[in-house]
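Q: prediction below, plus the sequence it came from.
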2 protein chains.
Amino acid sequence: MIEIEARKEGASRTARLDAVFAALADPTRRAIIERLSRSEARVTEVAEPFPMSLNAVSKHIRVLELSGVVERHRKGRDHILSINTRSLDEVDGWIERTRHYWEKRLDAMERLLGELKKDRKLGPKDRKHGAR
Amino acid sequence: MIEIEARKEGASRTARLDAVFAALADPTRRAIIERLSRSEARVTEVAEPFPMSLNAVSKHIRVLELSGVVERHRKGRDHILSINTRSLDEVDGWIERTRHYWEKRLDAMERLLGELKKDRKLGPKDRKHGAR
């Protein structure tokens, strides 16, 4: 049972990452996120600066809502959009985990390079002085 | 001229971000990146753990190459794949810039909340003692 749940959780996290990355793969949608990261806003306010119909922007907003990046709530007559920061944290988490590996690799290469440089500068006799 | 160049540069950065995010919107392609973030590898090594044909994995690798996330060089007969870390840095940079805004917003909210809590705990007379 636990295993099935864990697999379900893994599967839904995978599906969420798919949806968030796909949502971010469009300049209009990224611009909407940038707008909403400054403050929440009404749909019409979000749409205003874009040189396209309200309908076209609404479709992009819908993709962002389905991916979980953008949330909508009603305030009287208005539909207010805001960012769900947790969804971007998940994406960031994936990049960080991946980055972790190569940074370790880069660190190791840097150390190796440092050692090699030291060895070239110093003759075998000088090495014990520990000069750079 | 400079403006045109700057616009071109901006346009190509936008296109790169589109391609990288689209490339990341697939679990097989993310798994390939995770594999390559540990070490560079031959195409056949990369394909081996996936329950699909070499041809199917090769298509995913091609998408990753076109997005600039993965690079290929030849070593004798072998095609060696590795990650181009700069491409993921660009993605990470975009997320960080966006995050910057909302973190400032969260900090401001937290400060406000702290102030409100203080005001509720202390009567007007107590406030000058500066107790929490």
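A: Yes, it's here.

Q: start and end of stretch A:76-88, how far apart?
A: 28 Å (C-alpha to C-alpha, to the nearest Å).

Q: let me see the mean pLDDT of that stretch.
A: Average pLDDT, stretch A:76-88: 89.

Q: any residue of it up close to chain B?
A: Yes - contact of stretch A:76-88 with chain B (C-beta under 8 Å from any C-beta of the partner chain) involves A:I83, A:T85, A:L88. All C-beta atoms are positioned from the backbone trio N, CA, C, and that covers glycine.

Q: around chain B, pick out the residues from chain A.
A: So far as C-beta under 8 Å from any C-beta goes, chain A lies against chain B at A:14, A:17-19, A:21-22, A:24-27, A:30, A:33-34, A:37-39, A:83, A:85, A:88, A:91-92, A:94-95, A:97-99, A:101-102, A:105-106.

Q: circling back to that earlier point, which ones among the residues of stretch A:76-88 next to chain B lie within helices?
A: Among the residues of stretch A:76-88 next to chain B, DSSP state H puts A:T85, A:L88 in helices.

Q: name the residues that touch stretch A:62-74?
A: A:16, A:19-20, A:22-24, A:26, A:29, A:32-33, A:36, A:61, A:79-84, A:87-88 (C-beta atoms under 8 Å, 6 or more residues apart in numbering or on different chains).

Q: shaky segments in chain A?
A: For chain A, applying pLDDT under 70 flags the ranges A:1-7, A:101-110, A:112-113, A:116-117, A:119-132.

Q: quick one: the helices in it?
A: Going by DSSP H, chain A shows helices at A:2-24, A:27-38, A:43-47, A:54-67, A:85-121.

Q: for the first one, name the packing helices and strands.
A: The criterion is 3 or more C-beta pairs under 8 Å, 6 or more residues apart in numbering or on different chains; DSSP states H and E, and the helices and strands that helix A:2-24 contacts are helix A:27-38, helix A:54-67, helix A:85-121, helix B:2-24, helix B:27-38.

Q: in a markdown table, list those along with mean neighbour count.
A: Formatted as a markdown table, those follow (neighbours: other C-beta atoms under 10 Å in any protein chain shown):
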| stretch | mean neighbour count |
| --- | --- |
| helix A:27-38 | 19 |
| helix A:54-67 | 16 |
| helix A:85-121 | 13 |
| helix B:2-24 | 14 |
| helix B:27-38 | 19 |
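
Q: would you convert these into CSV that also reports distance to B:S67?
A: Shown next, in CSV, are the helices and strands packed on helix A:2-24 (distance: least, C-beta to C-beta, whole Å):
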stretch, distance to B:S67
helix A:27-38, 15
helix A:54-67, 19
helix A:85-121, 14
helix B:2-24, 4
helix B:27-38, 9
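
Q: out of the ones you listed, nearest to B:K75?
A: helix B:27-38 (15.0 Å; C-beta to C-beta).

Q: which elements pack onto the closest one?
A: Packed next to helix B:27-38, using 3+ C-beta pairs under 8 Å, 6+ apart, are helix A:2-24, helix A:85-121, helix B:2-24, helix B:43-47, helix B:54-67, strand B:70-75, strand B:78-83.
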